[in-house]
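> Everything below, folded, please.
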Amino acid sequence: MLKRLAAIVIAGGLLATAARADEVKIKFTLGWKTQGSDAAFFYAKDKGYFKDEGLDVVIDQGEGSGATVTRIMSGAYDAGFGDVNAIIQNASAKPDEAPVMVYMMWNRPPFAVVSKTASGIAGPKDLEGRTLGGAQGTPTTRLLTVFARTNGLDMEKIKLSNMAPNLQEPMLIKGDIDAALVFNITSYFNLVLNRQDPDKDFKWLTFGDYGLDLYSNGVMVSRKLLASNPKAVAGLVRAINKATIAIAKDQNAGMAAVVNFDNLVNEPVEKRRLQYSFDKLIISPEMKEIGIGDVKDDRMARAIGIVVEGYQLARAPKPEEIFSRQFLPPRTERDLVYVAN
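Residues are numbered from 1 along each chain as shown. Purely as a prediction, here's the structure:
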């Protein structure tokens, strides 16, 4: 009897091992360190959504949403969460190497100019005669010239001070600069952590509200994975979509997955960041029309034009080089209902 039980246990173990061997391993890079806005990826892993799709997804922290693209192009990662505008930049010169976005999460761009309310900067024109702090190489800084042209600003009347990203909010608070060129989802919470009230005491000029109607972060995959295993790509997208829909209704469950991945996060702050991502970046009239994950081709074409101008690219990639909707679940499965809780 004992021998029979042992045989059953061994056989079961072999079957489990075989099942794991059949899974497709995907190395996935986040856009930055662990944040609440990444909850969907952790939730999909914890709930077994990836496993249900036959995937073994290994999630690593990132080095920046633009770095997601270069990490994938290097072959170190198969997929990740990052900035579509960095895809445009790289696809201009290396169309056969740049990854492809397959699930657009942030329908609205995080690029913004933030200033103290007391400074009197109420609109773009008020930036003339001011000193702006920008981190060299970031999209917000590189696209400033397009923002200026679109809003009739004279760049000769704007002083740009280059600085490390971690100095922007402290220098803004101290009054060393009049405004900072930032990602709102990062800067907002840097101000919170500096004991500031980013809603009451600061003014936000978001590029998307002033003529630069760009898309932003989403899930991208390598061209190698697209060609070798499109089934795995479709499964990855289905799992992340299912998780995103779920945490839109239950942020506490999303945060439990975040903490399970990294128990050192500041849970109250990161929950606010998760909710902020829905409020400010994910939900929009367009998203409600076409569903989470998709884009409009004409808007993508315009966004490509903005990036080509701002980055002074030699070639404008076509929208289909940048984004593919062929792996999206049906429209009926991409209705997102956000309930803050």
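> Ramachandran angles for the residue nearest to E128 when sequence neighbours are not counted?
The shortest distance from E128 to any non-neighbouring residue, by C-beta to C-beta, 6 or more residues apart in numbering, is to K157 (4.0 Å). C-beta here means a position set from N, CA and C on the backbone, and glycine is covered the same way. Dihedral pair for K157: phi -100, psi 10, per degrees, to the nearest 10.
> burial measure for K157, as a count.
Residue neighbour count, defined by other C-beta atoms under 10 Å, stands at 11 for K157.
> mind listing what's buried in stretch 197-210?
The neighbour-count check on stretch 197-210 (16 or more other C-beta atoms under 10 Å) flags P198, F202, K203, W204, L205, T206, F207, G208 as buried.
> Endpoint to endpoint, that stretch covers what distance?
With C-alpha to C-alpha, to the nearest Å as the measure, stretch 197-210 spans 24 Å from end to end.
> Can you classify G80 by secondary structure?
The three-state label given to G80 by DSSP: H, G, I helix; E, B strand; the rest coil is strand.
> That should have said A246, apologies.
With three-state DSSP as the basis, A246 sits in helix.
> Please, which helix or strand holds the residue nearest to it when sequence neighbours are not counted?
Take A246 and drop its neighbours on the chain: the residue closest to it by C-beta to C-beta, 6+ apart is Y43, 6.5 Å away. Following DSSP states H and E, the helix or strand that holds Y43 is helix 39-46.
> how far away is the residue nearest the centre of the chain from L153?
Central residue of the chain (C-alpha atoms, centre = their mean): N217, 3.0 Å from the mean position. Taking C-beta to C-beta, to the nearest Å as the measure, N217 falls 27 Å from L153.
> what sits opposite the residue nearest to the centre of the chain in the beta ladder?
Beta-bridge pairing of N217 under DSSP bridges involves D83.
> so who does the closest residue to G133 other than its chain neighbours touch?
Leaving out its chain neighbours, the residue that sits closest to G133 by C-beta to C-beta, 6+ apart is I177, at 3.9 Å. The contact partners of I177, by C-beta atoms under 8 Å, 6 or more residues apart in numbering, come to T131, L132, G133, S161, M163, Q168, M171.
> for these, which one is nearest D298?
Distance to D298, by C-beta to C-beta, is smallest for L132 among those, at 31.2 Å.
> Can you pull the phi/psi pair for the closest residue to that closest one other than its chain neighbours?
Closest residue to L132 apart from its sequence neighbours, by C-beta to C-beta, 6+ apart: A179 at 5.1 Å. Main-chain torsions, A179, degrees, to the nearest 10: phi -160, psi 160.
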